[in-house]
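Asker: need a 3D model of the following:
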Amino acid sequence: MAATGDNSGSARSRAVSEVVELVSSLIRFDTSNTGDPATTKGERECAEWVARQLEDAGYTTEYVESGLPGRGNVFARLPGADSGRGALLLHGHLDVVPAEAADWSVHPFSGAVQDGYVWGRGAIDMKDMVGMMLAVARQFKIEGTVPPRDLVFAFLADEENGGKWGSQWLVQNRPDLFTGITEAVGEVGGFSLTVPRPDGGERRLYLVETAEKGLGWMRLRAKARAGHGSFLHEDNAVTILAAAVARLGTHTFPLVLSDSVAEFLAAVSEETGLAFDPGSKDIEGTLAKLGSISRIIGATLRDTANPTMLNAGYKANVIPQTAEAVVDCRVVPGRLAEFEREVDELIGPDVEREWVTKLDSYETTFDGHLVDAMNEAILAHDPHGRTVPYMLSGGTDAKAFADLGIRCFGFAPLRLPPELDFAALFHGVDERVPVDALEFGTDVLEHFLLHS
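Answerer: Okay, here's the model as predicted:
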């Protein structure tokens, strides 16, 4: 049975007409996730607002608090023409990282619409996609659109802290919410990268996320004798830890090309004429010619271990017994055992390590009906575009859903201006999303869901 309600090529749709206001309204909820449940706020209020928007359109929603009061999640299902097919999950998180208002051109929780952009914390991570999901979900229900398969819309808490009190908790404690779901689409994919062609023209590549590096926050701990700061101390926990942190933080892990990264580089090479030789000592230099996105792509070529926190001592003239550090580790698929071995060699036997958070890497192939539907949707609205796979250097809620056997992709479509430093906007100052990119993405998302 064919889907109904496709607006491709027709007049401005209901979803496109309201997506900007929906995104602006979402940004006005301060859902800052500090990583500490005691100071994280706003998720419940935002989730309840999302539920009202869905219920006003006719949905029956389920509100779930994931393990702690206020960690709000909302689920809604739209039956498809063939409910015997596996359902498609669309997931977006409602929390954002904190922002210092004094650093911004506009207030980070204003949701201001000006200069052709919607401004505010979460504009691209990821209340843009949440707004597009909400707009299309509302349109489908109000207009009686029947998609080809069941769609499950999930609006989630705590992604910015690894999903401990969000997707991870839900998968472990409420797997029934995901019954029948076989594929999922979430954030950090589907955005455009404009690359130069040898003939002097340009090509927009739309990056579909097919892989994510593993995410791990590792605590390092050194222990030694406490003592007076005026004495000679060869056995100093701070010195031992600092040396280990310096060795780890300045180490370059070996270059590893996963299938997703190799396919991405091959596509870019075909379009630009640039040669990405894995044996070259300057492959990062070649990548730099792609502009700001090279920071994301470059980080997928190898493991990273970046020290982010240090803690030691309680008085200036006392050498402490213990010193600790936290390291943000991102590991290429298939590399975890070797990564841990290298870390142990670098930190040495006098430093203990433990995983505070450890989420596995993920990779799927760039093929199948869902990938075809993504490509078709992009080409319907940008005939000269091209979809290509890539690996995300960070992590998303897809890690939790993959544990259920769900095949996951990142596809939050945006057609971006070539000059926009998109990578810098993630967790950055003056985060913003172009209005026309939101409208384009909403059209693409609608087309995709009607052919998924």
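Asker: for this protein, what spans make up the helices?
Answerer: Per DSSP state H, the chain has helices spanning 14-27, 43-56, 127-143, 167-173, 237-249, 259-272, 283-287, 294-298, 336-347, 369-381, 398-402, 422-425, 435-450. These are given in chain order.
Asker: and the ones you listed as CSV, adding mean pLDDT?
Answerer: As requested, the helices of the chain are arranged in CSV below (pLDDT from 0 to 100):
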stretch, mean pLDDT
helix 14-27, 98
helix 43-56, 98
helix 127-143, 98
helix 167-173, 98
helix 237-249, 97
helix 259-272, 93
helix 283-287, 80
helix 294-298, 83
helix 336-347, 97
helix 369-381, 98
helix 398-402, 97
helix 422-425, 90
helix 435-450, 98
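Asker: which residue, neighbours along the chain excluded, lies closest to Ala288?
Answerer: In space, not counting the residues next to it along the chain, Ala288 is nearest to Ser294; the distance is 5.0 Å by CB to CB, 6 or more residues apart in numbering. All C-beta atoms are positioned from the backbone trio N, CA, C, and that covers glycine.
Asker: cool, and Gly348?
Answerer: Ala244 (6.0 Å).
Asker: contacts only, for Arg44.
Answerer: 65, 69-72 (CB atoms under 8 Å, 6 or more residues apart in numbering).
Asker: now do 7 Å
Answerer: When contacts are counted by CB atoms under 7 Å, 6 or more residues apart in numbering, Arg44 is found next to 70, 72.
Asker: just Trp104 next, same as before
Answerer: Under the criterion of CB under 7 Å, 6+ apart, the contact list for Trp104 reads 429-430.
Asker: gap between it and Pro349?
Answerer: Look at Trp104 and Pro349: by CB to CB, to the nearest Å, they are 46 Å apart.
Asker: ok, now Arg219?
Answerer: Taking CB to CB as the criterion, Arg219 is separated from Pro349 by 17 Å.
Asker: more neighbours: which of these two?
Answerer: More crowded of Arg219 and Pro349, by other CB atoms under 10 Å: Arg219, with 16 against 7.
Asker: from memory His93 sits against Thr396, does it?
Answerer: No: between His93 and Thr396 there is no contact, the gap being 8.2 Å when judged by CB atoms under 7 Å.
Asker: remind me which residues of the stretch 101-250 of the chain are low pLDDT?
Answerer: Judged against pLDDT under 70, the stretch 101-250 of the chain has no low-scoring part.
Asker: strands of that one, start to end?
Answerer: In the stretch 101-250 of the chain, strands defined by DSSP state E, counting those that start in this stretch lie at 113-114, 117-119, 151-156, 181-186, 191-196, 202-212, 214-223, 227-228, listed in chain order.
Asker: quick one: the residue nearest to Gly80 when sequence neighbours are not counted from Ala373, how far?
Answerer: Leaving aside its sequence neighbours, Gly80 sits nearest to Arg149 (CB to CB, 6+ apart; 4.1 Å). For Arg149, the distance to Ala373 (CB to CB) stands at 11 Å.
Asker: okay, and the common contacts of these two?
Answerer: Common contact partners of Arg149 and Ala373 (CB under 7 Å, 6+ apart): Ser452.
Asker: verify the stated contact: Val351 with Ala246.
Answerer: No: with contacts defined as CB under 7 Å, Val351 does not count as touching Ala246, sitting 11.8 Å away.
Asker: for Glu43, find the nearest of the strands of the stretch 101-250 of the chain.
Answerer: Taking CB to CB as the measure, the strands of the stretch 101-250 of the chain were each checked against Glu43, and strand 151-156 came out nearest at 9.0 Å.
Asker: what's the spacing between the residue sitting furthest away from the middle of the chain and Gly84?
Answerer: Most distant from the centre of the chain: Phe231, at 49.3 Å, with distances by CA atoms, centre = their mean. Using CB to CB, one gets 76 Å for the distance from Phe231 to Gly84.
Asker: could I get the helices of the chain as CSV with distance to Cys408?
Answerer: Putting the helices of the chain into CSV (distance: least, CB to CB, whole Å) gives the following:
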stretch, distance to Cys408
helix 14-27, 23
helix 43-56, 22
helix 127-143, 14
helix 167-173, 11
helix 237-249, 30
helix 259-272, 12
helix 283-287, 25
helix 294-298, 18
helix 336-347, 19
helix 369-381, 10
helix 398-402, 4
helix 422-425, 21
helix 435-450, 15
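Asker: how many other residues sit next to the closest residue to Glu363 other than its chain neighbours?
Answerer: Excluding the flanking residues, the one nearest Glu363 by CB to CB, 6+ apart is Ala211, at 3.8 Å. Ala211 is flanked by 27 other residues according to other CB under 10 Å.
Asker: for Phe264, see how far away Ala211 is.
Answerer: For Ala211, the distance to Phe264 under the criterion CB to CB works out to 10 Å.
Asker: swap in Gln139?
Answerer: 33 Å.
Asker: likewise Ser13?
Answerer: To Phe264, Ser13 is 32 Å away according to CB to CB.
Asker: tell me which of the two has more neighbours.
Answerer: Comparing Ser13 with Phe264 by other CB under 10 Å, the one with more neighbours is Phe264, at 26 against 21.
Asker: skipping its backbone neighbours, what lies nearest the more buried one in space?
Answerer: Nearest residue to Phe264, sequence neighbours excluded (CB to CB, 6+ apart): Tyr390, at 4.4 Å.
Asker: isn't that neighbour up against Glu209?
Answerer: Yes: with contact defined as CB under 7 Å, Tyr390 and Glu209 form a contacting pair (6.3 Å).
Asker: can I get the CA coordinates of stretch 400-411 in PDB?
Answerer: Listed in PDB are the C-alpha atoms of stretch 400-411, where the atom choice follows Å, rounded to 0.1, in the frame of the first residue of the first chain:
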ATOM      1  CA  ALA A 400      21.900   2.300  23.400                       C
ATOM      2  CA  PHE A 401      19.500   1.300  20.700                       C
ATOM      3  CA  ALA A 402      22.100  -0.700  18.900                       C
ATOM      4  CA  ASP A 403      22.300  -2.900  22.000                       C
ATOM      5  CA  LEU A 404      18.700  -4.000  21.100                       C
ATOM      6  CA  GLY A 405      19.800  -5.100  17.600                       C
ATOM      7  CA  ILE A 406      18.300  -1.900  16.000                       C
ATOM      8  CA  ARG A 407      20.200  -0.700  12.900                       C
ATOM      9  CA  CYS A 408      21.000   3.000  13.500                       C
ATOM     10  CA  PHE A 409      21.800   5.900  11.300                       C
ATOM     11  CA  GLY A 410      22.300   9.700  11.700                       C
ATOM     12  CA  PHE A 411      20.000  11.600   9.400                       C
END
